[in-house]
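# Pasting the sequence and the predicted coordinates here, then a few questions.
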Amino acid sequence: MFEKPLLIINGIGFGLSAILSMLRHSLSFRLKLLRHSLSSSSSSSLPSSEKRRNIVIVGASIAGYTAARTIAQYLLPDSPYRVVVVEPRDHFHFTWVLPRFCVAEGHEHKAFIPYGGYLPAGSLEADGGKMAWIKDRVARIGRDTITLEGSGEQIPYEFLVVATGSGATDSLPSRVPTNDKAEGLALLRQMQQRIKEAKDLVVVGGGAAGVELATDAKSKYPEKNVTLVHSRSAVMHRFGPRLQSTALDGIKELGIEVVMGDRVVSEDKEKGVAVLKSGRDIVCDLLVNCTGQRPDSKLVAQLSPSSISESGHILTKPTLQIQDESLPNIYACGDVLETNTTHPNSRSAMRQARVCAFNVLAAAEGKKPKDIYEPHWLDGVIKLTLGLDKSVTNVGDEKTEFSIAGKERKEELMAAGAWHHLGAKPFEDDGSFLSKIKSRI
């Protein structure tokens, strides 16, 4: 009887605690700034003979981007440290909308948000700040350096934050398999055309991406035969039974055939069928794979194999320092991390990023890192679309669960909100940030 009210109260309490934590950090920083303003001017600048000490962040999806923003925001004016972000993509990829934009035409550019607006004003070195943004990929990390893939340059670091994320199939509809916006737009348009032309669409995987793509496709093209194949006994199997039943009802209401407890083992394009493990053939002229999650932890695995879990995630302490005691200056956040977060998403990634950031800032001042990350059910709240104009928001912990049905009025979903959150004006992209980034230090 009281389960739902207690859950809501718990969520409110958690939210207030998070706000108080941010206020505490903000007040502490303001006091530091005040002390600096009262100190002598002779100590307010870095001696020209002293080199910058690097805080390197590998990856700028939502976790890495948030860590970079937070550290840059809280670095003191005379700090000897600078932030070095290494990210191969030229735009932030808003992956939540990708299943929708694989089906709905004319919105694909809204998935590529210009970098830069989320950072504190003037933080880039090109603007006189203390952040270098390198458009490249990290080939390997050492105990005190990283090596860039493109230039081969080695960059020393005092602290390292690994935010390399994870991919489902590393291809659409879960990820855009390119670092270039123009190529990404072309790939999305190709997928839209393939789905539009298909008569018999088979979607593999009953997680969020598979459910959303299948229901969007059937909603937009009701004449198509759409089949969803899932190896588990329920769609959305990582969530509670209420969301599972709601999702299944929404799928079936659209007329989608659902095959559960079976898996696609091959596709015979000559015969035009997808072959299941059970031996059954399903007529198929387009197969879209939406299965699996694979953490991109190879950089840490090469340096510290003991810091990798059986699932391939990075193992950390509650402070998000990796478990290797000999590498206390390496942190990790985001989907690459093993945190026992039930349903990891952008909210959990951003919380982890802030824990990393504040602990790095503390360690840079010679203090012991003390912020910790603890999973919370509120991180796992999910909004699942079930067609172009329907959605369900699911809230719950392991004991209590409830769902809220919704109507989607915008085909682009929450794209504009994401642009606003990341400091970009929807949907304008003048390319100004790209003129300020580097290929090497």
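Now that the structure is in, tell me what you want to look at. As the structure is a prediction and not an experimental result, all values here were calculated from the model.
# so where is this protein shaky, pLDDT-wise?
Scanning the chain for pLDDT under 70 picks out 1, 40-50, 167-170.
# Could I get the full set of helices for it?
3-38, 62-74, 98-101, 181-197, 208-220, 241-253, 298-303, 346-364, 415-421 (DSSP state H).
# Reformat those as a markdown table; add distance to Phe92 and mean neighbour count.
C-beta here means a position set from N, CA and C on the backbone, and glycine is covered the same way. Formatted as a markdown table, those follow (distance: least, C-beta to C-beta, whole Å; neighbours: other C-beta atoms under 10 Å):
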| stretch | distance to Phe92 | mean neighbour count |
| --- | --- | --- |
| helix 3-38 | 22 | 12 |
| helix 62-74 | 7 | 25 |
| helix 98-101 | 13 | 25 |
| helix 181-197 | 10 | 17 |
| helix 208-220 | 19 | 25 |
| helix 241-253 | 28 | 18 |
| helix 298-303 | 21 | 18 |
| helix 346-364 | 11 | 24 |
| helix 415-421 | 9 | 17 |
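# out of those, nearest to Ala163?
helix 62-74 (3.3 Å; C-beta to C-beta).
# what about dumping the CA coordinates of the closest one to PDB?
Below are the C-alpha coordinates for helix 62-74, written out as PDB (Å, rounded to 0.1, in the frame of the first residue of the first chain):
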ATOM      1  CA  ILE A  62      28.300  12.100 -21.700                       C
ATOM      2  CA  ALA A  63      30.600  10.800 -18.900                       C
ATOM      3  CA  GLY A  64      33.800  12.200 -20.300                       C
ATOM      4  CA  TYR A  65      32.200  15.400 -21.400                       C
ATOM      5  CA  THR A  66      30.700  16.000 -17.900                       C
ATOM      6  CA  ALA A  67      34.000  15.200 -16.200                       C
ATOM      7  CA  ALA A  68      35.900  17.700 -18.500                       C
ATOM      8  CA  ARG A  69      33.300  20.400 -17.800                       C
ATOM      9  CA  THR A  70      33.400  19.900 -14.100                       C
ATOM     10  CA  ILE A  71      37.100  19.800 -13.700                       C
ATOM     11  CA  ALA A  72      37.500  22.900 -16.000                       C
ATOM     12  CA  GLN A  73      34.800  24.700 -14.000                       C
ATOM     13  CA  TYR A  74      36.500  24.100 -10.600                       C
END
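# elements contacting it?
Applying 3 or more C-beta pairs under 8 Å, 6 or more residues apart in numbering; DSSP states H and E, one finds that helix 62-74 contacts strand 53-58, strand 81-86, helix 346-364.
# so what does the last one touch, helix or strand wise?
Spelled out, that is helix 346-364. Contacts defined by 3+ C-beta pairs under 8 Å, 6+ apart place helix 346-364 against helix 3-38, strand 53-58, helix 62-74, strand 159-162, strand 330-332.
# Let me have the ones you listed in TSV, extended by distance to Ala208.
Shown next, in TSV, are the helices and strands packed on helix 346-364 (distance: least, C-beta to C-beta, whole Å):
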stretch	distance to Ala208
helix 3-38	21
strand 53-58	26
helix 62-74	16
strand 159-162	25
strand 330-332	24
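# for the ones you listed, which one sits closest to Ile282?
helix 62-74 (36.0 Å).
# Also compute the angle for the closest one relative to helix 346-364, please.
40 degrees (axes from the mean of the first three to the mean of the last three C-alpha atoms, to 10 degrees).
# Select, out of the helices and strands packed on helix 62-74, the one closest to Leu16.
Nearest to Leu16 among the helices and strands packed on helix 62-74 is helix 346-364; the distance by C-beta to C-beta comes to 14.5 Å.
# Of all the helices and strands packed on helix 346-364, which one is nearest Val360?
Smallest distance to Val360 across those (C-beta to C-beta): 4.8 Å, for strand 159-162.
# who does the closest one pair up with?
strand 53-58 (parallel), strand 330-332 (parallel) (DSSP bridges).
# follow-up on the earlier one: in TSV, list the helices of the chain along with distance to Leu148.
Listed next are the helices of the chain as TSV, based on distance: least, C-beta to C-beta, whole Å:
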stretch	distance to Leu148
helix 3-38	32
helix 62-74	16
helix 98-101	28
helix 181-197	21
helix 208-220	31
helix 241-253	43
helix 298-303	12
helix 346-364	21
helix 415-421	29
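# Sounds good, over and out.
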